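Engineer: Here is my input, please return the structure:
(one chain, ligands or ions: 1)
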Amino acid sequence: MTKSLRLLKKVIKAENLKKEYRNGEIVTKVLQEISFEIKQGEFVAIMGPSGSGKSTLMHILGFLDRATSGDYHFEGREITKLKDDELAFLRNEKVGFVFQSFNLLPRTTVLDNVKLPLTYSHSKKNVDEIAKKVLESVGLGHRLNYYTNQISGGEKQRVAIARALVNNPSVIFADEPTGNLDSKSGVQIMEILQDLNEQGNTIILVTHETYTSEHAKRIIKIRDGKIEDDYSVAKRRLARDGEVLK
Ligand code: ADP
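Structural biologist: Here you go, the predicted structure:
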């Protein structure tokens, strides 16, 4: 399939998503009437201040949590009514996660961390070879047998990216992926994510940092659990440049 055709395919459709937490009489509304679509090949940054609901939204989109109400379609499939084991299957097969805190297994090698998602999906043969290839693609071919406590923060995050990629997911979710890194390693991680997007991967990044969001093509801004703005970076830049020229 050509890249332009792939771009048209809808991966995510969220309609009126709401998330509330109930604690006795107290109801906390974390997300309210969230609606948007994301197509294959997009690179979207979900931005907003701390506590605005970004991680909650990412967890719902990545099958780690459920909305209180609203509809969520992933690749055309209604997700809201799926059972827990069906959600777990989708979580392993369809999405990859990169977290701020890396979430790697300690006392386990780099290679074994990346092989882990493959061992859940029994259909995959030659897991060693697949995991090695992905680790080489993020520049870690020389660290395969290191333990995860023997490598730097930037390398840990590259292992996490390799682990997210190894099942060839439809969407990669990255939740503040540079939050625990020095700025040089942070830039390297963002460049890897940008390369992955240029190769056709759909990426959803959660961030409150402007420098990381600059790698995205579209920004969805959230405030107090609502979408405040949703725009294409290129179109906004063109409009702004047009204003300057006037
Ligand atoms: P962000 O990622 O933008 O920092 P979060 O999605 O982590 O925001 O949190 C949004 C809001 O939801 C916060 O005010 C947080 O306190 C609240 N929240 C998260 N989890 C719970 C919970 N289990 N019970 C009650 N409130 C929660």
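Engineer: From now on I want contacts and neighbour counts done on CA atoms only, so please keep to that.
Structural biologist: OK.
Engineer: any idea where the helices of this protein begin and end?
Structural biologist: Using DSSP state H, the helices found in the chain span residues 3-8, 54-61, 84-94, 110-120, 127-137, 153-165, 183-198, 210-213, 233-245.
Engineer: what about the fifth one, average pLDDT?
Structural biologist: What helix 127-137 shows for mean pLDDT is 94.
Engineer: what comes up buried for it?
Structural biologist: Val127, Ile130, Ala131, Lys132, Lys133, Val134, Leu135 (16 or more other Cα atoms under 10 Å).
Engineer: Point out the residues in the protein that sit beside the ligand.
Structural biologist: Tyr21, Val30, Pro49, Ser50, Gly51, Ser52, Gly53, Lys54, Ser55, Thr56 (Cα under 6 Å from any ligand atom).
Engineer: what's the farthest-apart pair in the residues you listed?
Structural biologist: Tyr21 and Pro49 (19.4 Å; Cα to Cα).
Engineer: The nearest residue to Lys39 once chain neighbours are set aside: neighbour count?
Structural biologist: The shortest distance from Lys39 to any non-neighbouring residue, by Cα to Cα, 6 or more residues apart in numbering, is to Lys10 (4.2 Å). Using other Cα atoms under 10 Å, the number of residues around Lys10 comes to 16.
Engineer: Kindly provide the distance from Lys10 to the ligand.
Structural biologist: Look at Lys10 and the ligand: by Cα to the nearest ligand atom, to the nearest Å, they are 24 Å apart.
Engineer: Output the below-cut-off pLDDT ranges for the chain.
Structural biologist: Low-confidence segments of the chain, defined by pLDDT under 70: 1-8, 121-124, 244-246.
Engineer: and with 80 instead?
Structural biologist: Along the chain, the model assigns pLDDT under 80 to residues 1-8, 120-125, 242-246.
Engineer: Nearest to the spatial middle of it, which residue is it?
Structural biologist: Closest residue to the average C-alpha location of the chain: Phe173 at 0.8 Å, with Cα atoms, centre = their mean.
Engineer: give me the beta-bridge partners of it?
Structural biologist: Note on Phe173: beta-bridge partners Phe97, Ile204, judged by DSSP bridges.
Engineer: so what's it up against?
Structural biologist: Phe173 makes contact with Met58, Gly62, Val95, Gly96, Phe97, Val98, Ile203, Ile204, Leu205, Val206 under the criterion Cα atoms under 8 Å, 6 or more residues apart in numbering.
Engineer: repeat for Asp112
Structural biologist: Contacts for Asp112 (Cα under 8 Å, 6+ apart) come out as none.
Engineer: Relative to Glu37, how far out is it?
Structural biologist: 35 Å (Cα to Cα, to the nearest Å).
Engineer: What is the neighbour count of the nearest residue to Leu17 once chain neighbours are set aside?
Structural biologist: Spatial nearest neighbour of Leu17, chain neighbours left out: Gly70 (4.3 Å); criterion: Cα to Cα, 6+ apart. By other Cα under 10 Å, the residues close to Gly70 number 16.
Engineer: Same question for Thr210.
Structural biologist: 10.
Engineer: distance of it from Leu87?
Structural biologist: Thr210 is 32 Å from Leu87, by Cα to Cα.
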